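Q: compute the structure for the input listed below.
(2 chains)
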Amino acid sequence: MSITRDEVAHLARLARLALTNDELDHFAAQLDVIIGAVARVQEVAAAGIPPTTHAAELVNVFRDDVVAPPLGADAALAQAPAAEQGRFRVPRILAED
Amino acid sequence: MDTHADLTALTAAQTAAAIAAGDVSAAEVTAAHLDRIAQVDPHVRAFLHVGDESALAAAHAVDSRVAAGQPLGPLAGVPLALKDVFTTVDMPTTCGSKILAGWQPPYDATVTARLRRAGIVILGKTNMDEFAMGSSTENSAFGPSRNPWDLSRVPGGSSGGSAAAVAAYEAPLGIGTDTGGSIRQPAAVCGLVGVKPTYGGSSRYGLVAFASSLDTPGPLARTVLDAALLHEVISGHDPRDSTSLDAPVPPVVAAARSADVAGLRIGVVTELGGDGYARGVLARFSEAVDLLESLGAKIVEVSCPSFSYALPAYYLIAPSECSSNLARFDAMRYGLRVGDDGSRSAEEVMSLTRAAGFGAEVKRRIMLGTYALSSGYYDAYYGKAQQVRTLIARDFAAAFEQADVLISPTTPTTAFPIGERADDPMAMYLADLCTIPGNLAGNAALSVPCGLSPEDGLPVGLQIMAPVLADDRVYRVGAAVEAALDQRRGHPLLTEAKGLEDAGIAEQEAGR
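A: Now for the predicted structure:
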């Protein structure tokens, strides 16, 4: 057993996924198999091997500091789930208690 | 041109030449393809959205240029099927997900903009596995696309909609994205040419991100030359993508035209074959090796021992990046919002929306990535996978000392039946066994058809891999294989696809 149902429930909370009990059962079994399989990377003797984060190792990519026209508020808000007074309207951020 | 239907059977190069010569108008070409879509797409289901009006307007603009004698690009007026992961100001962009259903982006992706600038006519947006996660299009929230060779089978994925559209003559060209094989694998199982350019060779700006260090836009076509022409249109430095390479585009069109492999050193990768590969796939692959030798190439065997760890490394790296990238779907600025009834907090709305808007595979990968990046597991999983990535790049570097290109089957099996692997993630992941190493190292790779499997009569793909920014080599070899096999067979392989006829859907006589 590489991962428990409780751990999967914790991952779902971290990832902001409100999963049902059935989904948790199903995913816990599948993730257990997948994690067991990907853990094979630990067999590799990798002492002293540097990590590769990226296929193209570019660093410090700069552009000229020239002002370009921005998207504009109307375009940015046009596809918002809810907008009010030229802003994104969101549910309350803080809990009541 | 003889008939309306003939127009859909032409290659992209032939179509562009006919339009430039005034033999046919771009509007006629577009109309013929829109008719073909109306006829067959209810069965193939390649498109999520067809933009009839915008396509015809783009075609008319090309016709105006022809009439005015203005210069045209080499693909002006040619219709194209665009994967629904690229933003388009005049069409929705859904990524095959309920969370973005109906989303109308406020800007064009760089790939989209370059297609438009070249006079290419975007017919519509094609189906895909949700957020490009999958190998069959079965993970699309809008249902699977069908393989034109056999409508009961998958067209591959994640760019399966674009592949199905090109294979069903709904468009001569398609654009896909390749993160772990998502262009090459659908090309292989649909009998097409598909290319993953060198990472950074084609821009990711406006491509909705899955795994940013791997995602690569590229062409799908029915011929190697058509793929090369499209490759040139979309490639080249883009200051809006910080990973875009500021280097000349490799001479892929010239390479596709040369098709000369005499003296080229071709390496067969020991680790990409044997157990787990279908017999029919290995039979066609071994014939392709013999064919290349007969064309004057020098065949060598090379070993890349770390490749056996590519699949596990990929299924840590890609989900890790996806768990971070898909955090942007938070129900606040765009897309779906569920449960915002005044009683719930932003966090509750976010969790309900993501649970309702994402499909099973996306949820699995987000949780897998969250796990791999968790404190306490990071070194053992994500860190180790990044070290494997270094070893794979070193294996490639050593192999390219011995060989100019490397070859393997593109996929271990031919197209599988819809449903067979739908809820078996590990079985699904195996479809990308041969293509993943190239993504991890960022090099160029192409899949070209190398015949039909004697076991099931379905297409088999030959994968050709080249070093970073040596994309021209994969076209050179691909074109040589294509020309020799077409000559031997007497007709292009795709003309043998009978899935639509077998299903009783009227085929227009078009010499195909």
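
Q: measure B:Trp486 to chain A for me?
A: You called it Trp, but residue B:486 is Asp. Using C-beta to the nearest C-beta, to the nearest Å, B:Asp486 is found at 33 Å from chain A. (Each C-beta comes from the backbone N, C-alpha and C, glycine too.)

Q: and B:Ser135, by the same measure?
A: 15 Å.

Q: and that residue, how far from B:Tyr314?
A: The spacing between B:Ser135 and B:Tyr314, counted by C-beta to C-beta, to the nearest Å, is 12 Å.

Q: and what of B:Ile436?
A: Distance of B:Ile436 to B:Tyr314, given as C-beta to C-beta: 5 Å.

Q: got any residues that touch both of those two?
A: With contacts taken as C-beta atoms under 8 Å, 6 or more residues apart in numbering or on different chains, B:Ile436 and B:Tyr314 have B:Gly180 as neighbours in common.

Q: so for those two, which residue has more residues nearby?
A: Set B:Ile436 next to B:Tyr314 and count neighbours by other C-beta atoms under 10 Å in any protein chain shown: B:Tyr314 wins out with 29 against 24.

Q: how about the contacts made by that one?
A: By C-beta under 8 Å, 6+ apart, the neighbours of B:Tyr314 are B:Gly180, B:Ala385, B:Asp432, B:Ile436, B:Asn439, B:Leu440.

Q: show me what the host helix or strand of the second one is packed against.
A: Spelled out, it's B:Ala385. Taking DSSP states H and E as the criterion, the element that holds B:Ala385 is helix B:384-402. For helix B:384-402, the elements it packs on are strand B:265-269, strand B:298-302, helix B:310-325, strand B:405-409, helix B:436-441, judged by 3 or more C-beta pairs under 8 Å, 6 or more residues apart in numbering or on different chains; DSSP states H and E.

Q: export the ones you listed to TSV and append columns for mean pLDDT.
A: Formatted as TSV, the helices and strands packed on helix B:384-402 follow (pLDDT from 0 to 100):
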stretch	mean pLDDT
strand B:265-269	98
strand B:298-302	98
helix B:310-325	98
strand B:405-409	98
helix B:436-441	98
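
Q: helix or strand: which one has the nearest residue to B:Phe142 once chain neighbours are set aside?
A: Spatially, and ignoring its direct neighbours in sequence, B:Phe142 is nearest to B:Leu48 (5.8 Å; C-beta to C-beta, 6 or more residues apart in numbering or on different chains). Element membership of B:Leu48, judged by DSSP H and E, is strand B:47-50.

Q: what is the neighbour count of B:Asp260?
A: Residue crowding around B:Asp260 was assessed by other C-beta under 10 Å; the count is 15.

Q: for B:Asn443, see how far away it is.
A: Using C-beta to C-beta, B:Asp260 is found at 21 Å from B:Asn443.

Q: can you check the pLDDT for the residue nearest the centre of chain B?
A: Chain B has B:Ile183 as the residue nearest its centroid, 2.2 Å off, counting by C-alpha atoms, centre = their mean. B:Ile183 carries a pLDDT value of 98.

Q: list the contacts of it.
A: The neighbours of B:Ile183, taking C-beta under 8 Å, 6+ apart as the test, are B:Ser159, B:Gly176, B:Thr177, B:Gly194, B:Val195, B:Lys196, B:Thr216, B:Gly218, B:Pro219, B:Leu220, B:Ser447.

Q: just among those, which is most surrounded?
A: B:Ser159 (37 neighbours).

Q: surely it is in contact with B:Ala81?
A: No: in this structure, B:Ser159 is not within contact of B:Ala81 by C-beta atoms under 8 Å, at 9.6 Å.

Q: quickly list what's touching both of the two.
A: Common neighbours of B:Ser159 and B:Ala81 (C-beta under 8 Å, 6+ apart) are B:Thr126, B:Gly174.
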